[in-house]
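Engineer: Can you look at this prediction? I've put the sequence above it.
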2 protein chains.
Amino acid sequence: MISTKGRYAIRFMMDLAEQSQDKTVPLEETAARQDISKKYLEMIVKILVKGKLVKGISGKGGGYRLTRKPEEYTVGEILELTEGTLAVVACLNEDAEQCPREAFCKTLPMWRKFDHLMRDYFFHITIADLINGKV
Amino acid sequence: MISTKGRYAIRFMMDLAEQSQDKTVPLEETAARQDISKKYLEMIVKILVKGKLVKGISGKGGGYRLTRKPEEYTVGEILELTEGTLAVVACLNEDAEQCPREAFCKTLPMWRKFDHLMRDYFFHITIADLINGKV
DNA sequence: TATTTTACCTATTGACACAGTAGGCAAATG
DNA sequence: CATTTGCCTACTGTGTCAATAGGTAAAATA
């Protein structure tokens, strides 16, 4: 299940994209517009900054701004960054310890295929797509 | 992320299916074979019994047995029962309160489509498929 | 009938994540 | 210098996960 972290992050990115491209948008505005607790959103946006998906500018007249064009962000990368992983089962997580059942596990192929399915879906939807209702 | 509850449940059902169809299999055997804590597995199997996916027979010579043929169980229903829900976001959960953003939410269609994708996948894989490596 | 084997039930635990909240420091602008 | 903004650390309450513990009920066998 995708938590509020991932969902709020997507909405935050969309909100930035919907404001005029080269304006910096204070977090307080977005928080109000999206009806999300400012303090909580702050915490989530910090992850986006660390991941270089947005840039934060301090001081008066500051705020946040996208570092790329909206069509260059996929939902997949936003979710993976904020949720930590998109793996559907623990053993498909990148930094998971080797599973001793791996060689003969009869369910692993099912999880793997689903993983591909999911990635194929979320990594081919962009922020621009969402805004333009193309999904 | 699918927890051990769902994953162990699938393995338990597969184990039952792999034993001769009309035998009742004591939980202790399956727990040993699958290397799962007996007590914990007990808790999970209780959900399967309540959901009528398996039948438990008490007493000497007792154990568990499938109530249908392996090809009549889908992975989807096992996961949905044991995990509580398969919804990828809270607002798609059956017993979720109505979301005030529903009417104009630009991400909802994305979640809905993914939900369909996922259900289409997991509700078309059966226990028999897993055993026969058909996935 | 007594014993053994099995399922079934309630309760508890430690660790961790979620969804926030609080308060202050750092940086930049007017 | 004051104001605005981002950034940082720390804390909290609630809930779930993944078990563990210790029993009771039911059914078969000796």
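Structural biologist: Thanks, I have the structure now. This one's a predicted model, so the numbers in the text were calculated from it and none came from an experiment. Numbers count the residues shown, from 1 in each chain, chains lettered A, B, ... in the order given.
Engineer: Centroid-nearest residue for chain A?
Structural biologist: With distances taken as Cα atoms, centre = their mean, the residue of chain A nearest its centroid is A:Ile78 (1.9 Å).
Engineer: Strands of chain A, residue ranges please.
Structural biologist: Shown for chain A, the strands assigned by DSSP state E span residues A:54-57, A:63-66.
Engineer: Would you pull up how far the first one lies from the middle of the chain?
Structural biologist: The chain centroid and the centroid of strand A:54-57 are separated by 16 Å under Cα atoms, centre = their mean, to the nearest Å.
Engineer: Might you list the low-confidence residue ranges for chain A?
Structural biologist: Judged against pLDDT under 70, chain A has no low-scoring part.
Engineer: quick one, which of the strands of chain A is nearest to chain B?
Structural biologist: Taking Cβ to the nearest Cβ as the criterion, strand A:63-66 is the member of these that comes nearest to chain B, at 16.7 Å. In this view, the C-beta of every residue, glycine as well, is placed from N, C-alpha and C.
Engineer: So is that closest one next to DNA strand C?
Structural biologist: No: with Cβ under 7 Å from any atom of the strand as the criterion, DNA strand C is not reached by strand A:63-66; the gap is at least 11.0 Å.
Engineer: Can you show me the CA trace of that strand as CSV?
Structural biologist: What follows is strand A:63-66, C-alpha atoms only, in CSV (Å, rounded to 0.1, in the frame of the first residue of the first chain):
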residue,chain,number,x,y,z
GLY,A,63,10.2,28.4,-2.0
TYR,A,64,10.5,25.3,-4.2
ARG,A,65,10.9,24.8,-7.9
LEU,A,66,11.2,21.8,-10.2
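Engineer: Which positions in that strand come out as buried?
Structural biologist: Residues A:63-66 are the ones in strand A:63-66 that count as buried (16 or more other Cβ atoms under 10 Å in any protein chain shown).
Engineer: before we move on, back to that, okay if I get the strands of chain A as CSV plus distance to chain B?
Structural biologist: As requested, the strands of chain A are arranged in CSV below (distance: least, Cβ to the nearest Cβ, whole Å):
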stretch, distance to chain B
strand A:54-57, 18
strand A:63-66, 17
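Engineer: Turn those into TSV, columns for distance to B:Arg112.
Structural biologist: TSV is the format used below for the strands of chain A (distance: least, Cβ to Cβ, whole Å):
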stretch	distance to B:Arg112
strand A:54-57	27
strand A:63-66	26
